[in-house]
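In: need a 3D model of the following:
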Amino acid sequence: MLSFLCACKKDNIPYAFERNSTSPTLAVSNANTLYLESNTFAKDLCIDEGGYKPVVLNSSYAAGLFDINSKSVIYGQNMYEELTPASITKLLTALVVLKHYDLNETLTFTEECQVNVSGAQKLGLEPGDKLTVEQALNILLLFSANDVANLLAINCDGGYVEFLRLMKEEAESLGATHTNFVNPHGLTEEGHASTVYDLYLILNELTKNEKFLKIVNQSGYTTSYTKADGTIKTIELNSTNLYLNGSREVPGGYTVIGGKTGTTDAAGKCLILYFKDSAENSYIACILRSEDYDTLYADMDALISSAN
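Out: Numbers count the residues shown, from 1 in each chain. Alright, predicted model coming up:
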């Protein structure tokens with residue numbers, strides 16, 4: 001069985017190889033880029049053939065715009081460079097949870113789940129607090145709570161290390177071979193990296209899941225959970241996505257379905273979105289390492305507006 005994606009040069013080449021294929025074929029893109037392509041793997045993915053639209057970004061370092069319907073890359077900038085994606089990591093965490101967990105299962109927060117990184121986004125759970133998997137998934141994707149990411153990973157059958165193995169397995173199954181996540185939340189840690197193109201692959205897979213789409217399309221989330229002392233605590237959380245929480249207007253003619261935000265000192269400001277135009281055509285846009293939120297959303301406006 002072939003288990004490694006081959007490429008002439010990762011900066012220029014699309015990831016188009018079926019790991020389980022026994023007969024990959026050599027193909028040539030319109031940009032005369034050689035790559036290994038399997039019919040079973042690449043046929044449903046956006047292939048990078050160059051010839052991008054002339055999108056002008058302010059200062060965001062890496063970006064990509066993907067047309068899901070035509071299976072093409074509309075725009076790319078440093079798409080294959082390995083960067084830290086901050087909390088966009090949680091998309092892969094969510095994918096593992098959706099595939100391997102019972103959403104009705106109750107999880108108990110422990111000392112091991114705590115996050116002690118200064119400034120890290122947290123729900124503020126305490127040992128003994130209880131959440132269902134479904135509650136945790138909503139909080140993970142909308143509010144980006146790092147302690148909730150740990151709660152999900154540590155409660156995996158087989159523990160935290162097994163959860164990281166499942167993350168790696170899921171990434172590899174999608175062809176996201178330049179993704180290496182060493183934690184489930186995206187806080188800065190040596191070796192933790194992905195690419196714009198890999199993150200497109202991950203979100204593209206998640207868009208096939210109705211539960212995921214329902215969660216990320218919310219402007220906020222209200223729920224009640226049981227504290228360690230048996231009391232009930234109600235929380236009201238706003239989405240961290242400015243397009244969805246009402247803080248920023250989506251460019252005219254487009255509808256943002258959802259996605260994931262991310263920010264750390266190392267990663268800068270990051271955002272990946274799944275959105276549609278007025279004809280219901282679907283797109284994914286991703287930006288990594290933007291300087292500030294104004295730049296991030298101005299550049300995302302530019303990407304969205306260039307979709308058709």
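
In: can we go C-alpha only for contacts and neighbour counts from here?
Out: Noted.

In: next, the distance between the ends of stretch 145-162.
Out: 21 Å (CA to CA, to the nearest Å).

In: pLDDT weak spots in this protein?
Out: The chain contains residues with pLDDT under 70 at 1-43.

In: how does it divide into domains?
Out: As given by automatic domain parsing, the domain ranges for the chain are 1-43, 89-188+209-238.

In: want to try TSV for those, with mean neighbour count and distance to Lys71 as columns?
Out: Shown next, in TSV, are the domains of the chain (neighbours: other CA atoms under 10 Å; distance: least, CA to CA, whole Å):
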stretch	mean neighbour count	distance to Lys71
domain 1-43	16	8
domain 89-188+209-238	19	16
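
In: CSV please, covering the ones you listed and showing distance to Asn69.
Out: Formatted as CSV, those follow (distance: least, CA to CA, whole Å):
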stretch, distance to Asn69
domain 1-43, 12
domain 89-188+209-238, 17
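
In: out of those, which comes closest to Leu296?
Out: domain 89-188+209-238 (17.7 Å; CA to CA).

In: picking that back up, for Gly252, find the nearest of the domains of the chain.
Out: Smallest distance to Gly252 across the domains of the chain (CA to CA): 17.9 Å, for domain 89-188+209-238.

In: endpoints of the closest one, how far apart?
Out: Start-to-end, domain 89-188+209-238 (CA to CA) is 19 Å.

In: what of stretch 168-179?
Out: Stretch 168-179: ends 8 Å apart by CA to CA.

In: quick one: contacts for the residue sitting nearest the centre point of the chain?
Out: Nearest to the geometric centre of the chain sits Leu91, at 3.8 Å (CA atoms, centre = their mean). By CA atoms under 8 Å, 6 or more residues apart in numbering, Leu91 lies in contact with Leu141, Ile202, Leu203, Leu206, Lys260.

In: neighbour-wise, give me the winner out of those residues.
Out: Counting neighbours by other CA atoms under 10 Å, Leu141 leads those with 27 neighbours.

In: what sits up against the helix or strand hosting it?
Out: Assigned by DSSP states H and E, Leu141 belongs to helix 133-142. Helix 133-142 is contacted from outside by 90-91, 94, 97, 101-107, 145-146, 148-149, 152, 215-216, 218, 220-221, 223, 237-241, 260, using CA under 8 Å, 6+ apart.

In: next step: these restricted to strands.
Out: Thr106, Leu107, Gly220, Tyr221, Thr223, Leu237, Asn238, Lys260 (DSSP state E).

In: quick one: the helices in the stretch 51-200 of the chain?
Out: 90-100, 133-142, 146-154, 159-173, 196-206 (DSSP state H, counting those that start in this stretch).

In: can you lay out those as JSON lines showing distance to Gly252?
Out: As requested, the helices of the stretch 51-200 of the chain are exported to JSON lines (distance: least, CA to CA, whole Å):
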{"stretch": "helix 90-100", "distance to Gly252": "27"}
{"stretch": "helix 133-142", "distance to Gly252": "24"}
{"stretch": "helix 146-154", "distance to Gly252": "33"}
{"stretch": "helix 159-173", "distance to Gly252": "34"}
{"stretch": "helix 196-206", "distance to Gly252": "23"}
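
In: right, and these - which one's nearest Leu45?
Out: Evaluated with CA to CA, these place helix 196-206 nearest to Leu45, the distance being 8.0 Å.

In: ok, now which ones touch Glu249?
Out: Going by CA under 8 Å, 6+ apart, Glu249 touches Tyr243.

In: now stretch 163-172, how far from the centre of its chain.
Out: Mean C-alpha position of stretch 163-172 versus that of the full chain (CA atoms, centre = their mean, to the nearest Å) differs by 14 Å.

In: contacts for it?
Out: 92-93, 95-96, 153-154, 156-157, 177, 179-184, 202.

In: wait, which of the residues you listed is closest to Phe275?
Out: Nearest to Phe275 among those is Ile202, at 15.1 Å by CA to CA.

In: how far away is Tyr80 from Asn308?
Out: 23 Å.

In: looking at the two, which is more packed in?
Out: Taking other CA under 10 Å, Tyr80 and Asn308 do not tie; Tyr80 has more neighbours (23 against 10).

In: does the more buried one touch Ala193 like I think?
Out: No: using CA atoms under 8 Å, Tyr80 makes no contact with Ala193, being 11.2 Å away.
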